[in-house]
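**Student:** got a predicted structure plus its sequence, pasted below:
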Number of protein chains: 2
Amino acid sequence: MEDHLARYVERVAHFWEAQGVPRIAGRILGYLMVCEPPYRSATELARELQVSKGSVSSMTRLLLASGSIEVLPRPGERATDFQLSPDSLEKKLLRRLEETVAFRAIADEGLDLLADAPAAQRERLTAIRDLYAFLEQELAGLMDRWRESRS
Amino acid sequence: MEDHLARYVERVAHFWEAQGVPRIAGRILGYLMVCEPPYRSATELARELQVSKGSVSSMTRLLLASGSIEVLPRPGERATDFQLSPDSLEKKLLRRLEETVAFRAIADEGLDLLADAPAAQRERLTAIRDLYAFLEQELAGLMDRWRESRS
DNA sequence: CAGTTGGTTCAGTAACCACTGAACCAACGG
DNA sequence: CCGTTGGTTCAGTGGTTACTGAACCAACTG
């Protein structure tokens, strides 16, 4: 890989590492952003990023699970190629929406628990519940607008 | 602490633990959601959550840094009390907005790097840049609407 | 000033995690 | 049916992290 590309890959990897993503996973993402053609097999990734095949195997599994990459279906090919997933945003938004719904449920549960507690105590939980309800609505709207802009 | 409250605290802690938050930090958040009055000192937290003072010290530091809790200013008091931060959402949104801006910058950098690359190669990066620009705009709008609804 | 109380710091630990390299498991090609 | 090639699994490692308990620091109180 050319030097300026390698530096760019490292830059992307560093960004993701700061968000808690393993370094090698970040490198894979960075490389798949700029390589030509836009897909690579596990073996190629290992060779070009200079990391072990084992790492590539577990990191691609991780990135597949998080929806960041996907396998490029190539019938009849020996190797399976990976590429950036075009709808990774949608998957992540959906996950976040689910988390939001889950926490709103927890807040509601808390309100049940404090059903006959003084109003002041319930107020705090109510505010939290409303906050997550707000987020829930906003996320849904955001996803709609995203889908609309894609079509 | 009563048994049903303790169970609820554990439930909240479990939710946050699934998002990568240390267990004890999650317990603190859970407890501060339901305790009366809505604030507690480090010593109280240690006693009531049955954890070491050292853990409370580092976890409150963590939660303060992330903006999830804040110290309740109580002039003349010996102990410093912590409570849930009312504007933790705003802080987190702001942080996410900054991340989004940062990554859009990285995408732009990539486009500079591939200034004279074939159009197909640049297209991928352009899509990513546009995606983060979209998110940037949406986050800003979301924050506006949140602030509006609070006032 | 001594004793008490609230909090931080720090050494020590147990668990976890990213990563490597080697062994292993297909599937295909001569 | 062997040899090769693409990929997964797994033991071992170096490093990090959440947590405890003890030592320590600082402020107020009698």
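**Tutor:** On my side now, so go ahead. Computed from a predicted structure; not experimentally measured.
**Student:** any idea how far A:Ala13 is from DNA strand D?
**Tutor:** 16 Å (C-beta to the nearest atom of the strand, to the nearest Å). From N, CA and C alone the C-beta is placed, and that goes for glycine too.
**Student:** and that residue, how many neighbours?
**Tutor:** Other residues within reach of A:Ala13, judged by other C-beta atoms under 10 Å in any protein chain shown, total 22.
**Student:** now for it: which residues touch it?
**Tutor:** A:Ala13 is in contact with A:Arg23, A:Ile24, A:Gly26, A:Arg27, A:Leu29, A:Gly30, counting by C-beta atoms under 8 Å, 6 or more residues apart in numbering or on different chains.
**Student:** do A:Leu125 as well
**Tutor:** A:Leu125 neighbours (C-beta under 8 Å, 6+ apart): A:Ala107, A:Gly110, A:Leu111, A:Leu114, B:Met33, B:Val34.
**Student:** phi first, then psi, for it.
**Tutor:** The phi/psi pair for A:Leu125 (degrees, to the nearest 10) reads phi -70, psi -40.
**Student:** find the nearest non-adjacent residue to it, please.
**Tutor:** A:Gly110 (4.8 Å; C-beta to C-beta, 6 or more residues apart in numbering or on different chains).
**Student:** in the host helix or strand of the one you found, which residues are buried?
**Tutor:** Here A:Gly110 sits within helix A:88-113, counting by DSSP states H and E. By 16 or more other C-beta atoms under 10 Å in any protein chain shown, the buried positions in helix A:88-113 come out as A:Ser88, A:Leu89, A:Leu93, A:Leu97, A:Glu99, A:Thr100, A:Phe103, A:Arg104, A:Ile106, A:Ala107, A:Gly110, A:Leu113.
**Student:** helices or strands up against that helix?
**Tutor:** helix A:119-150, helix B:3-18, helix B:23-34 (3 or more C-beta pairs under 8 Å, 6 or more residues apart in numbering or on different chains; DSSP states H and E).
**Student:** which residues of chain A lie near DNA strand C?
**Tutor:** A:Pro22, A:Arg23, A:Ile24, A:Ala25, A:Val51, A:Ser52, A:Lys53, A:Gly54, A:Ser55, A:Ser58, A:Met59, A:Arg78 (C-beta under 7 Å from any atom of the strand).
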